[in-house]
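Enquirer: please find the sequence and the predicted model below.
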2 protein chains.
Amino acid sequence: MGYEDEQKIFDEYVKKMGLKQSEQRRDILLVFLKTEKHLTADELHGIVKKKNPSIGAATVYRTLKLLRECGLCREFRLNDGTTRYEHLYGHDHHDHLVCTGCGALVEVLDHEIEKRQEKLAVQHGFTISSHKLEIYGTCAKCNN
Amino acid sequence: MGYEDEQKIFDEYVKKMGLKQSEQRRDILLVFLKTEKHLTADELHGIVKKKNPSIGAATVYRTLKLLRECGLCREFRLNDGTTRYEHLYGHDHHDHLVCTGCGALVEVLDHEIEKRQEKLAVQHGFTISSHKLEIYGTCAKCNN
DNA sequence: TTATCTGCAAAGCCTTTGCACTTAG
DNA sequence: CTAAGTGCAAAGGCTTTGCAGATAA
């Protein structure tokens, strides 16, 4: 319920590339979409295994790669060394506040910042494809 | 010639922590400071070995850790999976344009962006410790 | 049918760690 | 003298890859 668009995008990408669908890929996509958190590959694998215990880590990595390629998923590397994934479709672009205390991630957006990034790029002759802004600090809870 | 400040910072940090100086640490610091590029640990190791072939990779990693701790060095992880280091002292804070074509890194700064980041953090009860802005795209050369 | 997919285990990176020896202080 | 540093090699994480069997189209 509610992920028809994403599933369609994935299906079409798979078809376009001459690949095949599979139970595993569908399971991984659904779990990924359902989880409103920034997961590591390993965390995602852990949740997926509850639904389908035989799925291996390699399949999770391979599927995440496909999801990135078709624009449903974004990978980002944090300064703490972890690599996390979030879904993109149906989410506005945003940046992150990262709490170095408890690991909390808060999504934020400032249009002026976005515009000025574009401007910086243009000034240096760059054509932007994406960007990543992470603000590290401690959240209200961890400041106490 | 010119790195007295940095060496002093390092010396004092080492002393303060009850550690010792060494030929290797001095060599690594000097090469690191001399190189006006964002190096990987392995690249730094390669350059250091030209000066002192017996230095091992482990010592480079251990020294980079110290340099981060005393504020002379900043580590950042790019989306291409590499981890790079840049020196901080005597450099104003800046962000990066990253060319996904040739790997070029351009340092940029926009005070309004900086201010607005601070504002975003405050709005969410965060206390900023640092931040990381990377704008990915293709540079003028790679656009041709 | 047959090209793709899967799980597993092995292999690859990059980084850290344990150890015996060396060295700064 | 002795706590800390070093190089090496081994061990650790995380991710990718090779392979033989399974499966979608």
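Expert: Yes, it's here. The model shown is predicted, which means the values in this text are computed figures rather than measured ones. Numbers count the residues shown, from 1 in each chain, chains lettered A, B, ... in the order given.
Enquirer: what packs against the lowest-mean-pLDDT helix or strand in chain A?
Expert: Ranked by mean pLDDT, DSSP states H and E, the weakest helix or strand in chain A is helix A:140-143, scoring a mean of 88. Helix A:140-143 is packed against no helix or strand, with contacts defined by 3 or more CB pairs under 8 Å, 6 or more residues apart in numbering or on different chains; DSSP states H and E. Heads up, the C-betas are built off the backbone N, CA and C, glycines and all.
Enquirer: in chain A, which residue is most central in space?
Expert: Residue closest to the average C-alpha location in chain A (CA atoms, centre = their mean): A:Glu86, at 2.0 Å.
Enquirer: which residue comes closest to that one once chain neighbours are left out?
Expert: Take A:Glu86 and drop its neighbours on the chain: the residue closest to it by CB to CB, 6 or more residues apart in numbering or on different chains is A:His38, 4.9 Å away.
Enquirer: what helix or strand does A:Gln117 sit in?
Expert: In the assignment (DSSP states H and E), A:Gln117 maps to helix A:111-123.
Enquirer: what's the following helix or strand after that helix?
Expert: Downstream of helix A:111-123 (by DSSP H and E), the next one is strand A:127-138.
Enquirer: where do the helices sit along chain A?
Expert: Using DSSP state H, the helices of chain A run over A:4-16, A:23-34, A:41-51, A:57-69, A:111-123, A:140-143.
Enquirer: now the ones you listed in CSV, with mean neighbour count and distance to B:Lys16?
Expert: Below are the helices of chain A laid out as CSV (neighbours: other CB atoms under 10 Å in any protein chain shown; distance: least, CB to CB, whole Å):
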stretch, mean neighbour count, distance to B:Lys16
helix A:4-16, 14, 53
helix A:23-34, 18, 47
helix A:41-51, 16, 38
helix A:57-69, 17, 43
helix A:111-123, 16, 38
helix A:140-143, 13, 26
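Enquirer: tabulate those (JSON lines), appending distance to DNA strand D.
Expert: JSON lines is the format used below for those (distance: least, CB to the nearest atom of the strand, whole Å):
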{"stretch": "helix A:4-16", "distance to DNA strand D": "7"}
{"stretch": "helix A:23-34", "distance to DNA strand D": "6"}
{"stretch": "helix A:41-51", "distance to DNA strand D": "4"}
{"stretch": "helix A:57-69", "distance to DNA strand D": "3"}
{"stretch": "helix A:111-123", "distance to DNA strand D": "26"}
{"stretch": "helix A:140-143", "distance to DNA strand D": "22"}
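Enquirer: up against DNA strand C, what does chain A have?
Expert: By CB under 7 Å from any atom of the strand, the part of chain A that sits against DNA strand C consists of A:14, A:18-20, A:22, A:24-25, A:52, A:54-59, A:62-63.
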